[in-house]
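sequence below, structure please.
(one chain, ligands or ions: 1)
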Amino acid sequence: MTRYARRVTGLAPSGVRKWFEGAGPGSINLTLGQPDFDTPAHIKEAACRALAEGKTGYTPNVGIPELREAIVEKTRRENGVDYTPDQVMVTAGASEALLLAMLAIVDDGDRVLHADPAFVSYASLASLAGGRPEGLALDDRLRIDVEAAKEQIDGAKLLVINSPSNPTGSVEPAGSVKALVEYAADAGTTVISDEVYEHFVYDGVTAVSAARFGENVVTINATSKTYAMTGWRLGYAVLPTPEEAQIFKTLNVNIISCTPPFIQLAGQEAIENPALTPIVADMVRQFEQRAEYVVQALNAIPGVTCAQPKGAFYVFPNIGGMIEKLGVLEAYASLPKDKQEKTSPSTMFQLFALYKHSVATMDRNSFGKLGTEGRHYLRLSTATDLESLKEGVRRMTAAGADRAGFAEYFKRGEHLGW
Ligand SMILES: Cc1ncc(COP(=O)(O)O)c(C=O)c1O
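Next up is the predicted model:
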């Protein structure tokens, strides 16, 4: 067999996919981070028009000028930051923008800071680029503890901010973003601001763009979540200078060259057409209503506490009390150290709920390990229709009360995370 490079053999599989694969027929899936809505018709029509017009060849490596103009205009209008099109790099989703940023900025051994828990790719891509990912602790409201973060920023190459956050649904207040960006600027640390959930904010909260507070910010965004376009693979990075955009371009030439022209034109339609505004607003309102329902239903489960998310489309309940009653903590404590290291109490509950009660959720440990000791969370995606959410929470409640079932499951020793 080919001897594969350490950079890939060390990569963790995506937790979402791993658990998704374990779900049997009839399972309720509350794991996926993609809107359960179809891409709006205007956007599809724009792609079809572009195809009919023969827009099928390579494009400039940085993206077509019309889309970059639209991104500049959007950034001015919605984010209050002025750029020129030569600072914009169009990518295949936010994922490619993150990859380019890590490859372009991180040298061997560089420290890359991100919240813990966070979107899994930050740590994976930082490692892939040769860097050392490092978690930042969150406060009780699941937001970055700014004072603690400052102590880690000195000497770090990169700081990733993701607000609204996957997986916690929290939104960083403007004051925190400003303090982090300014402190990072003084320390010579570049900030990556991943704003893919910027439109998903609730309860009158707004998410502020980090680039408003300094010139050391690379903003990453995508049409994926806002316009229900996850499969289209369209994103972008906005760089502090045109020269930096050229560095991203040179990398992109060697990776995917460009994103398809008809996809870029569809993205331009999404960003520019005002008819999309009420469609997006309606989707956001539905997510908010679902979150209200789920949070209330989760808080009704004995031993579960769940805060109302301020953004994104996830709820992040603390299930500590419930799994204690269920006997999970005791079972975990009885495990030998090597098994304990491979699993966690929330992982054990999550797998029990998946395999015995047919409801798929994500465990806290899929998003990092910092501060997990004694704190047990799950992530549930509200990008799921209300009926499925209701049934999912009903199954979670049943799993949480099934002490005998858990004891039996634990005795069998299968699917417990090691
Ligand atoms: C925080 C965050 N950033 C980036 C991405 C990737 O987005 P894309 O599908 O545009 O690559 C995701 C997807 O779940 C995400 O949650």
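
which residues of the stretch 51-200 of the chain fall in helices?
65-74, 93-105, 121-128, 146-153, 174-187 (DSSP state H, counting those that start in this stretch).

could you check whether the third one is close to the ligand?
No. Contact between helix 121-128 and the ligand is absent, the nearest approach being 6.6 Å (criterion: C-beta under 6 Å from any ligand atom). For the C-beta atoms, the positions are set from N, CA and C on the backbone; glycine is no exception.

tilt between that helix and helix 93-105?
Relative orientation of helix 121-128 and helix 93-105, computed by axes from the mean of the first three to the mean of the last three C-alpha atoms, to 10 degrees: 30 degrees.

for the first one, same thing?
Here helix 65-74 runs at an angle of 90 degrees relative to helix 93-105 (the same axes, to 10 degrees).

chain center to the helix or strand encompassing Val218, what's the gap?
Following DSSP states H and E, the helix or strand that holds Val218 is strand 217-222. On the basis of C-alpha atoms, centre = their mean, to the nearest Å, strand 217-222 sits 13 Å off its chain's mean C-alpha point.

coming back round to it: from the helices of the stretch 51-200 of the chain, which stretch is densest packed?
The highest mean neighbour count among those, using mean count of other C-beta atoms under 10 Å, belongs to helix 93-105: a mean of 23.

tell me which strands and helices that helix is in contact with?
In terms of contacts (3 or more C-beta pairs under 8 Å, 6 or more residues apart in numbering; DSSP states H and E), helix 93-105 is packed against strand 88-91, helix 121-128, strand 158-162, strand 190-194, strand 217-222, strand 235-238, helix 242-253.

for the ones you listed, give me JSON lines that also has mean pLDDT and distance to Leu326.
Listed next are the helices and strands packed on helix 93-105 as JSON lines, based on pLDDT from 0 to 100; distance: least, C-beta to C-beta, whole Å:
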{"stretch": "strand 88-91", "mean pLDDT": "98", "distance to Leu326": "44"}
{"stretch": "helix 121-128", "mean pLDDT": "95", "distance to Leu326": "30"}
{"stretch": "strand 158-162", "mean pLDDT": "98", "distance to Leu326": "32"}
{"stretch": "strand 190-194", "mean pLDDT": "98", "distance to Leu326": "35"}
{"stretch": "strand 217-222", "mean pLDDT": "98", "distance to Leu326": "38"}
{"stretch": "strand 235-238", "mean pLDDT": "98", "distance to Leu326": "41"}
{"stretch": "helix 242-253", "mean pLDDT": "97", "distance to Leu326": "48"}
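
what's the nearest residue to Leu380 if we skip its chain neighbours?
Excluding the flanking residues, the one nearest Leu380 by C-beta to C-beta, 6 or more residues apart in numbering is Leu30, at 4.4 Å.

number of nearby residues for that neighbour?
When neighbours are defined as other C-beta atoms under 10 Å, Leu30 has 27 of them.

and the pLDDT for it?
For Leu30, the pLDDT comes out at 94.

give me the distance between it and Val217.
For Leu30, the distance to Val217 (C-beta to C-beta, to the nearest Å) stands at 33 Å.

cool, Ala270 as well?
For Ala270, the distance to Val217 equals 23 Å [C-beta to C-beta].

next one: Thr2
Using C-beta to C-beta, Thr2 is found at 40 Å from Val217.

show me how the protein divides into domains.
As assigned by automatic domain parsing, the chain contains the domains 6-30+278-412, 41-273.

the strands in the protein, which residues?
Counting by DSSP state E, the chain has strands at residues 28-29, 88-91, 111-115, 132-136, 158-162, 190-194, 217-222, 235-238, 314-315, 359-360, 362-363, 378-381.

count the neighbours of Lys342 for me.
By other C-beta under 10 Å, the residues close to Lys342 number 13.

residue contacts, the residue of the chain found nearest the ligand?
For the chain and the ligand, the shortest gap (C-beta to the nearest ligand atom) falls at Gly93, measuring 2.8 Å. Gly93 sits next to 222, 224, 230, 233-235 when contact means C-beta atoms under 8 Å, 6 or more residues apart in numbering.

one more pass at 7 Å, please.
222, 224, 233-235 (C-beta atoms under 7 Å, 6 or more residues apart in numbering).

on that earlier part again, ok, the strand holding Val218: who's next to it in the sheet?
Within its sheet, and counting by DSSP bridges, strand 217-222 is paired with strand 190-194 (parallel), strand 235-238 (antiparallel).

close to the ligand: what parts of this structure are there?
Counting by C-beta under 6 Å from any ligand atom, the residues of the chain near the ligand are 33, 93-95, 119, 162, 166, 194, 196, 222, 224, 230, 235.

for those, work out which two are farthest apart.
Across these, the longest distance by C-beta to C-beta is 16.7 Å; it joins Asn162 and Thr230.

neighbour-wise, which of the two wins?
Shown here are Asn162 and Thr230; by other C-beta under 10 Å, Asn162 has more neighbours (24 against 18).

contacting residues for the nearest residue to that one once chain neighbours are set aside?
Nearest non-adjacent residue to Asn162, counting by C-beta to C-beta, 6+ apart: Asp194, 4.3 Å away. Listed by C-beta under 7 Å, 6+ apart, the contact set of Asp194 reads 94, 160, 162, 220.

for the protein, what helix or strand is lowest in average pLDDT?
Among the helices and strands of the chain, helix 15-22 carries the lowest confidence by mean pLDDT, DSSP states H and E, at a mean of 64.

no more questions from me, cheers.
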